[in-house]
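Asks: could you look at this predicted model? Sequence included:
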Amino acid sequence: MKKRILAVLLATMFISNAWAEDKTINITAQDMPAALHSLASQTGIQLLFTADDLKNIQAKAISGSMSVEEALKRLLEGTNYTFRASGSGTYVLQRVGATLMLHEVTVTATRTERSADEVPANVSVITSNDISNRNVDNVQDLLRSVESIEAGQAFSVAQASSIDIRGVGGSYSMPTTKVLVDGVGTDSIVSNVQGNGGLNFVSPWDVEQVEVVRGPASALYGPEVIGGVVNLIPKRWKGDLGAEVHAAYGSHNTSKTGVAVGAAKDVGDFRVSQYNAGSNGFISQTQPDTAGGMISVDIAPRDWKDRKTAFNGGLRPSDHQEITASYQDFTINSFTQGGHPNQYLNLDGSTWMFGYRHDFGETATIKTSYRETRLQQRYGFDNEYAGTPGDLGLWAKGAKFGDSSEFNIQADWHINADNLLITGYNRGTGVATLNSMFGNNVFKNKSTIDGIYLQDEARFGQWSLILGGRQDHIRQYDDTKNGVATNPESSVSVFNPRLGVQYQWTPDTSIYASAGTAYVPATNGAQFTDADIPNPNLKPEKSTSYEVGSRSKQSFGDMKVALFHTNYQDKINRVQVDATPNYQNQNIDRVEVNGLELGWKGRIADDWSPLANYSYTDSRIKADTTNPTNVGTRMPQTSAHKLNVGVVYSPGSVWSTSLMGSYRSDQYVRQWYCPSNNTNTYECHLGGYFTADAKVSAFFLPFDSKEKWSAWLAVNNLTGKKYRQYFPFEYSDGRTLTIGVDGKF
């Protein structure tokens, strides 16, 4: 059966169909970017262009039944622009005779739409076109392809990756990287649910764009943003009423299916999707663990199931207003050990959001949003885990729950063409509940954060300046154990500034410098409930970061370079107390991080798109009064060297292929489950590795479809190396083969 499917897939590579189906198109006379957006909305195509280059061009009105390419010809007639097809339903606009230079747009770096070239920070944008060239199971797999990000996965698919940026991860208080969905957080500072939401809510198939902003962002987003921000932007529907389908089958009996329906008109749009994935194999560990016999060999492969539901839509009552709404939920069930029915980790969550935007001409824009999120984690352990070989009966089980909300209102004041003032207020609330697996105890934590932020963006000729800051009031309420208060209420106010300056050296090259601070509070959980021994004297974490960099657009591609330095004070780490098996959360006096990031997105003719990025991260303990022998030690779970290389070849609109390679140097970890044959039972190295993935796609028009479909074959981990990604006893799957099809009716 697999051979027949593979033969059909390869045969489609030789099918050539013109994108010439007529569509009813009606576009009024308006500026060119608006006309192109209207065309994309009416036809469902994706257009890649630089809005700033086209904003002064007036588009003529067109109306009638015509093909997409005919509509583009009419719109661009009399201009100095042309277009070319790039993959399935994607067209790239560029000046006649010019090399294409597109500007990536980010809404995360400054909380407003900005070209990534205008931001004094290293920003990465992963587009839906980039995603279509990969075969990944989750969003964290996409993040591994950009510089300075660690996205490790451990224990099972249900434990979402912890995202560490620039070597500042590993805090035992809370995450140091904030994950947003559509620009709004999905978690609170007191939540201790593994994965902390965010990445689990959206499948790669439902993602329109992923934005990564490196460096401290507490000046805009409040606490827990020392490393940076990751923002997932879900897909909105483009085109008339229709449906999308996604189906894939691969090694380990892995299957992925997705169905979406939607419609888009000038007055509004909606998209509803359902995604299901599962496997009866994932990671099967064939050798026993050596951590004192606490975890034994898998009896069977570890199966998992992942279900996601999503709705995204908008209503535009006028040209200057938009009301948006979204809903996402997920359920992930998986086993941490194969063949152990009571050794499991399950996650589920739901989140909904409403937003409103009003543009007051070129004077001001008001944006407001409100989100509520519920996260749940359930886990179990069997008797063998506790040291009774062969006994798979239930030993203990527990659960964690996180409820949060976030409200944000922001005003963008366009003082003049060269000055934008951003003002905003943000309020976040959180309640965390822990049903302990020991003693049937119930712990509760509650917090609120009120933040006011201000940022001024100004241009002075070739210079641009960003100056701002945020004042946060963080309140943690009386925690309770079985309804009885366990520690007093606490509150703190903190201000985090941000400064960035950029100089446009030439029209295609700029240099920048920035500085900022960030703050991670010592949560009540970190002080009292998340370790064996409480530490009420635990201090908050603070950081000061500096960055200098440069960006340049040349005929052979876009290049960027960044140097960064972070002083990290009072970093919270879990420390073994004396010779006992007990741990306590304590402050490390100072951690220092120095690093280098290089990136290149190349252009070779029209068909070849190579890329390469490299990052070096030196993250070390510089002072530690709790254990002076730690001074000079590299921080755990950070690879010093990371290299990603790849190339996409798209010879027209019939087929395309991609090849991506990734190298990670050795990771040093300190955990109780390190193999005991090391000198120190609690220290081990995972070793470096290189892996490569490939994907071939063919585009065709099946049945009576007016939209091109793609059939594809992907091979992940081409070399078949079983490497340890993040933890001592978690191995990769080795080589995997997947076939799939994506289409739109």
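Replies: Good, I have the coordinates.

Asks: would you map the strands across the stretch 551-700 of the chain?
Replies: 557-576, 583-602, 608-623, 641-649, 655-664, 668-669, 684-685, 689-700 (DSSP state E, counting those that start in this stretch).

Asks: and the last one, which residues are buried?
Replies: Translated: strand 689-700. 689, 691, 692, 693, 694, 695, 696, 697, 698, 699, 700 (16 or more other Cβ atoms under 10 Å). Heads up, the C-betas are built off the backbone N, CA and C, glycines and all.

Asks: from these, which two are the most distant?
Replies: 689 and 700 (36.6 Å; Cβ to Cβ).

Asks: which one of the strands of the stretch 551-700 of the chain lies closest to residue 440?
Replies: Short answer: strand 583-602, nearest of the strands of the stretch 551-700 of the chain by Cβ to Cβ, at 22.4 Å.

Asks: against which helices or strands is the top helix by length along the chain packed?
Replies: Across the chain, the longest stretch assigned as helix under DSSP state H is helix 32-43. When contacts are defined as 3 or more Cβ pairs under 8 Å, 6 or more residues apart in numbering; DSSP states H and E, helix 32-43 packs onto strand 23-27, strand 46-48, helix 51-54, strand 58-59, helix 68-76, strand 254-265.

Asks: which stretch in the ones you listed has the least confidence?
Replies: In terms of average pLDDT, helix 51-54 trails the rest of these, at a mean of 67.

Asks: which residue packs closest to residue 262, ignoring adjacent ones?
Replies: Leaving aside its sequence neighbours, residue 262 sits nearest to residue 237 (Cβ to Cβ, 6 or more residues apart in numbering; 3.2 Å).

Asks: can you verify my assumption that residue 499 contacts residue 457?
Replies: No - at 11.8 Å, residue 499 and residue 457 do not qualify as touching, with contact defined as Cβ atoms under 8 Å.

Asks: how far is the longest helix of the chain from where the chain is centred?
Replies: 28 Å (Cα atoms, centre = their mean, to the nearest Å).

Asks: same question, stretch 345-358
Replies: 15 Å.

Asks: so what sits opposite residue 305 in the bridge?
Replies: When bridges are called by DSSP bridges, residue 305 pairs up with residue 278, residue 333.

Asks: how about residue 503?
Replies: Going by DSSP bridges, residue 503 forms beta bridges with residue 463, residue 511.

Asks: what's near enough to touch it?
Replies: 462, 463, 510, 511, 512 (Cβ atoms under 8 Å, 6 or more residues apart in numbering).

Asks: looking at residue 499 and residue 457, which has the bigger crowd around it?
Replies: It is residue 457, of residue 499 and residue 457, that has more neighbours when counted by other Cβ atoms under 10 Å, with 22 against 15.

Asks: how about residue 118, nearest residue that isn't a chain neighbour?
Replies: residue 464 (6.8 Å).

Asks: so what pLDDT did the one you found get?
Replies: 93.

Asks: quick one: it from residue 217, how far?
Replies: 18 Å (Cβ to Cβ, to the nearest Å).

Asks: so which of the two has more stuff around it?
Replies: Ranked by neighbour count (other Cβ under 10 Å), residue 464 and residue 217 place residue 217 first, with 27 against 20.

Asks: right, and the more buried one touches residue 227 too?
Replies: No - applying Cβ under 8 Å as the test, residue 217 and residue 227 come out as separate, 9.1 Å apart.

Asks: all helices for this protein, in order.
Replies: For the chain, the helices defined by DSSP H cover 2-11, 32-43, 51-54, 68-76, 128-132, 139-143, 218-221, 524.

Asks: worst average pLDDT in these?
Replies: What stands lowest among these, in mean pLDDT terms, is helix 2-11, with a mean of 36.

Asks: any idea which strand is longest in the protein?
Replies: strand 394-416 (DSSP state E).

Asks: the domain parsing of the protein - what is it?
Replies: Using automatic domain parsing, the domain parsing of the chain gives 17-221, 228-744.

Asks: which strand residues bridge the residue sitting nearest the centre point of the chain?
Replies: Nearest to the mean C-alpha position of the chain, counting by Cα atoms, centre = their mean, stands residue 230 at 4.7 Å. Each beta-bridge partner of residue 230 is listed here, defined by DSSP bridges: residue 179, residue 212.

Asks: my read: it touches residue 217, true?
Replies: No - using Cβ under 8 Å, residue 230 makes no contact with residue 217, being 10.7 Å away.

Asks: list residues touching both of the two?
Replies: Contact criterion Cβ under 8 Å, 6+ apart; residues shared by residue 230 and residue 217: residue 178.

Asks: how many residues are close by the closest residue in space to residue 421 that isn't next to it in sequence?
Replies: Of all residues not flanking residue 421 in the chain, residue 413 sits nearest, at 4.2 Å (Cβ to Cβ, 6+ apart). Other residues lying near residue 413 total 14 when counted by other Cβ under 10 Å.

Asks: what sits against residue 413?
Replies: Contacts of residue 413 by Cβ under 8 Å, 6+ apart are 363, 364, 420, 421, 422, 423.

Asks: could you report the pLDDT at the closest residue to residue 304 other than its chain neighbours?
Replies: Excluding the flanking residues, the one nearest residue 304 by Cβ to Cβ, 6+ apart is residue 334, at 3.6 Å. On the pLDDT scale, residue 334 is placed at 86.

Asks: run through the stretch 201-350 of the chain and note the low-pLDDT ranges.
Replies: 282-297 (pLDDT under 70).

Asks: distance of the residue nearest to the centre of the chain from residue 221?
Replies: 11 Å.

Asks: list residues touching both of those two?
Replies: Contacts common to residue 230 and residue 221, judged by Cβ under 8 Å, 6+ apart, are 178, 180.

Asks: shouldn't residue 201 be in contact with residue 186?
Replies: Yes - taking contacts as Cβ under 8 Å, residue 201 lies within contact range of residue 186: 6.5 Å.
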